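Novice: have a look at this prediction, sequence included:
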Amino acid sequence: MNLKHYSLLFLLVLLASCANRGIGPQGGPKDTIPPKVVREIPENGSVNYTYKTVTVHFDEYIQLDNIATQLMICPPQKEQPDIKQVGKSVKLTFKDDLLDSTTYSIDFGASICDYHEKNPLKSYYLAFSTGPEIDSLEVFGHVYNAEDLNPVSGVIVGLQANLDDSAFTTLPMTRISKTNEQGLFGIHNIKAGSYRLYGLGDLSSDYMYQTGEGLAWADSLVTPVMEIDSTGNVYVGPSDLVLWYFREDKTRHALMRARREEAHRIVLTFTAPQDSMPQLRLLDSLSMESVYVQTSDRRDSITLWLRDSSLIRLDTIRLELSYYRSDSLYNLEHAVDTIVSTYRAPNLTPKVVAKKQREARERRVEIRSNAATKMDVFDTLFIAAQLPIEHIEADSIRLRQRIDSTRWRNIPLRVELRDSAHMSYWLLCKLEKGKEYELTVDSNAVWDIYGKTNRRKVLPLGVKTDDEYAKLTVTFAHYDPHMRLQVLSDQDKVLRDVPAEERTLLEYLTPAGYYLRMYLDLNGDGKWTPGSWEQKRQPEPVYYFPAKLTLKANWEFEETFDYTAKPQTESKPQEIRKDAGQKK
């Protein structure tokens, strides 16, 4: 082949390589390998180390991710150390003075990642001692939410060497850890001795309990051990510790917000239901006579409906609120606040303004009801309105039952107030299963606080029959008169909560899948009660029936609930178990 042919071949190869540039090297598979430690100063497990800096070198460039919440240091520090990332290294500098003959441990969690792909080096842990020996005992366990047995992540779990109960509220814990998404914790590098074990939702980041934080504690002392059996196997523990986490039944009482999103309405919202309702007074010589004060059913909000046009036109209204709020220790104290409520009218065109004014003049009371063609047999009929109801003409509300295709008969009913907000009324009557009815609300039967009335409304309704439901009988293998039984949805929500008998009959269950939960109502108040640190009382114990129940219409089911058949921590069905820490 001559030079001309070589040149032509080279040109063809060059053109092919240019044309296929897009299918050249693709960089290989994605990097999924986290950084590796190549050097530690001091080395993990070192003794007699008294310098205030700790440096860790890695095999690649790194970055720190969420270090403030991931980093755990024992003993807990009064002032958080300074931590820096430089290239392939992490340098931590203590600000507190190091204690003599003390084991220090640094848990980086998953905060150290490679620079490009952010692959975390999980559970990287380094320990050293300022004295000649390093503490090496360990304990392990789980934290569960006491009410629903879900594992709880993000809980600080600690051992306290001071055995006085007061130490939980006055001294930082001696050794600490944090639970993972399975609620699992491990506390390492513990000195021999006996300790109190605590769990803490440490909102204040001081490793001490403060009222309002979630908490848990073990009733018995914890004594870490290390044992070696005859075959050389090493046991450290205890490794099966359990803490029941809860929040005390205490809520801070305070005014959360005051808002006036509409010219005629001011809403005051509180952080908790009010035991005694606040007193209100309009300032600037304004009178409360033309204000309708509405209290919510839960007593956690108050709505002021302004009924005087001169009040509604005011941009700013000042009022005095006399109420009780919590101090720093959750004790109630009397307070008087001045509330400034301002309404900023939207910038609307004259055409839009005219339309809204016309709609306001023509507005009628909108009646709604739970009347339906398939009402549950245990439902009670009611009607409701969008604004507080000032007056009802009971004789203008009628109910009749269908006898056949052409005949009806009137059914007596009684009208009674349903809620403290005056938004709805019960229609008390006797409804028969499988029958058809018709509810009629005549025009001008319902008057709201602005003098508006309703249009005539006719609502058909019917009641289900027994064969549209399922029945369930639950027999308790180890009956206790304190038991209460809860029927749960497949979302773990309580649908029913009833006193338990040795054979508990549950009727009128809609065909569906259900779960069962039992708790011991030790104080007899008819509801699940959390614990109390002040009274040193643990939360009421909870147990799950270990399987889902699928109920069918017109069937009767029987199940035996033996709450001792499985350990309490394993009784909850796996499909509804989730991390309770994600709710925080």
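Specialist: Thanks, I have the structure now.
Novice: for Gly212, give me the pLDDT.
Specialist: pLDDT, Gly212: 87.
Novice: give me the nearest residue to Thr303, chain neighbours excluded.
Specialist: Leaving out its chain neighbours, the residue that sits closest to Thr303 by Cβ to Cβ, 6 or more residues apart in numbering is Gln294, at 4.3 Å. For the C-beta atoms, the positions are set from N, CA and C on the backbone; glycine is no exception.
Novice: what pairs with the helix or strand harbouring that neighbour, and is each one parallel or antiparallel?
Specialist: According to DSSP states H and E, Gln294 maps onto strand 291-295. Counting by DSSP bridges, the strands paired with strand 291-295 are strand 301-306 (antiparallel).
Novice: and the strand it pairs with, average pLDDT?
Specialist: 96.
Novice: using PDB, list the CA coordinates for stretch 334-348.
Specialist: Output in PDB follows, covering the C-alpha atoms of stretch 334-348 (Å, rounded to 0.1, in the frame of the first residue of the first chain):
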ATOM      1  CA  HIS A 334     -53.100  35.400  85.000                       C
ATOM      2  CA  ALA A 335     -52.200  37.700  82.100                       C
ATOM      3  CA  VAL A 336     -53.700  40.700  80.400                       C
ATOM      4  CA  ASP A 337     -52.700  41.400  76.800                       C
ATOM      5  CA  THR A 338     -53.700  44.100  74.300                       C
ATOM      6  CA  ILE A 339     -54.400  42.700  70.900                       C
ATOM      7  CA  VAL A 340     -54.200  44.900  67.800                       C
ATOM      8  CA  SER A 341     -56.200  43.400  65.000                       C
ATOM      9  CA  THR A 342     -55.800  44.900  61.600                       C
ATOM     10  CA  TYR A 343     -57.600  44.200  58.300                       C
ATOM     11  CA  ARG A 344     -56.000  45.100  55.000                       C
ATOM     12  CA  ALA A 345     -58.700  45.200  52.300                       C
ATOM     13  CA  PRO A 346     -57.500  43.700  49.000                       C
ATOM     14  CA  ASN A 347     -57.200  46.200  46.100                       C
ATOM     15  CA  LEU A 348     -60.200  45.300  44.000                       C
END
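Novice: name the residues of it that come out as buried.
Specialist: 335, 339, 341, 343 (16 or more other Cβ atoms under 10 Å).
Novice: and for stretch 391-410?
Specialist: So for stretch 391-410, counting by 16+ other Cβ under 10 Å, buried means 392, 396-399, 401.
Novice: kindly report the same for stretch 261-278.
Specialist: 263-268, 270, 272, 274, 278.
Novice: would you mind splitting the chain into its domains for me?
Specialist: Here the domain assignment for the chain is 37-129, 137-245, 255-342, 368-464, 468-583, based on automatic domain parsing.
Novice: show me where the stretch 1-150 of the chain has strands.
Specialist: Counting by DSSP state E, counting those that start in this stretch, the stretch 1-150 of the chain has strands at residues 37-41, 53-58, 62-64, 72-74, 82-86, 89-93, 103-109, 112-114, 124-129, 137-145.
Novice: redo these as CSV? Include distance to Asp31, mean pLDDT and mean neighbour count.
Specialist: Shown next, in CSV, are the strands of the stretch 1-150 of the chain (distance: least, Cβ to Cβ, whole Å; pLDDT from 0 to 100; neighbours: other Cβ atoms under 10 Å):
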stretch, distance to Asp31, mean pLDDT, mean neighbour count
strand 37-41, 17, 96, 14
strand 53-58, 14, 96, 18
strand 62-64, 13, 93, 18
strand 72-74, 28, 93, 19
strand 82-86, 19, 92, 13
strand 89-93, 20, 96, 17
strand 103-109, 20, 94, 22
strand 112-114, 7, 93, 21
strand 124-129, 18, 94, 20
strand 137-145, 33, 97, 22
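Novice: turn those strands into JSON lines, columns for distance to Tyr450.
Specialist: Formatted as JSON lines, the strands of the stretch 1-150 of the chain follow (distance: least, Cβ to Cβ, whole Å):
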{"stretch": "strand 37-41", "distance to Tyr450": "72"}
{"stretch": "strand 53-58", "distance to Tyr450": "70"}
{"stretch": "strand 62-64", "distance to Tyr450": "60"}
{"stretch": "strand 72-74", "distance to Tyr450": "59"}
{"stretch": "strand 82-86", "distance to Tyr450": "62"}
{"stretch": "strand 89-93", "distance to Tyr450": "66"}
{"stretch": "strand 103-109", "distance to Tyr450": "59"}
{"stretch": "strand 112-114", "distance to Tyr450": "61"}
{"stretch": "strand 124-129", "distance to Tyr450": "66"}
{"stretch": "strand 137-145", "distance to Tyr450": "46"}
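Novice: among those, which is nearest Ala254?
Specialist: strand 137-145 (26.0 Å; Cβ to Cβ).
Novice: and the contacts of the helix or strand following that closest one?
Specialist: Next in sequence after strand 137-145, counting helices and strands by DSSP H and E, comes strand 156-160. Here strand 156-160 makes contact (Cβ atoms under 8 Å, 6 or more residues apart in numbering) with 139, 141, 143, 167-168, 171, 173-179, 185, 187, 190, 195-202, 207, 222, 243.
Novice: alpha carbons of strand 156-160, in CSV - could you do that?
Specialist: Provided in CSV are the C-alpha atoms of strand 156-160 (Å, rounded to 0.1, in the frame of the first residue of the first chain):
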residue,chain,number,x,y,z
ILE,A,156,-31.1,11.0,73.1
VAL,A,157,-30.5,8.0,75.3
GLY,A,158,-28.1,8.3,78.2
LEU,A,159,-26.7,6.8,81.4
GLN,A,160,-26.5,8.9,84.5
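Novice: pLDDT weak spots in the chain?
Specialist: 1-29, 583-584 (pLDDT under 70).
Novice: what's the neighbour count on the residue nearest to Thr102 when sequence neighbours are not counted?
Specialist: Nearest-residue entry for Thr102: Thr130, 5.3 Å, with adjacent residues in sequence omitted and distances by Cβ to Cβ, 6+ apart. Here the number of neighbours of Thr130 (other Cβ atoms under 10 Å) works out to 18.
Novice: now Thr130: how far from Arg39?
Specialist: 21 Å (Cβ to Cβ, to the nearest Å).
Novice: would you mind putting the buried residues of stretch 334-348 into TSV with secondary structure alongside?
Specialist: Shown next, in TSV, are those (DSSP: H, G, I helix; E, B strand; the rest coil):
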residue	secondary structure
Ala335	strand
Ile339	strand
Ser341	strand
Tyr343	coil
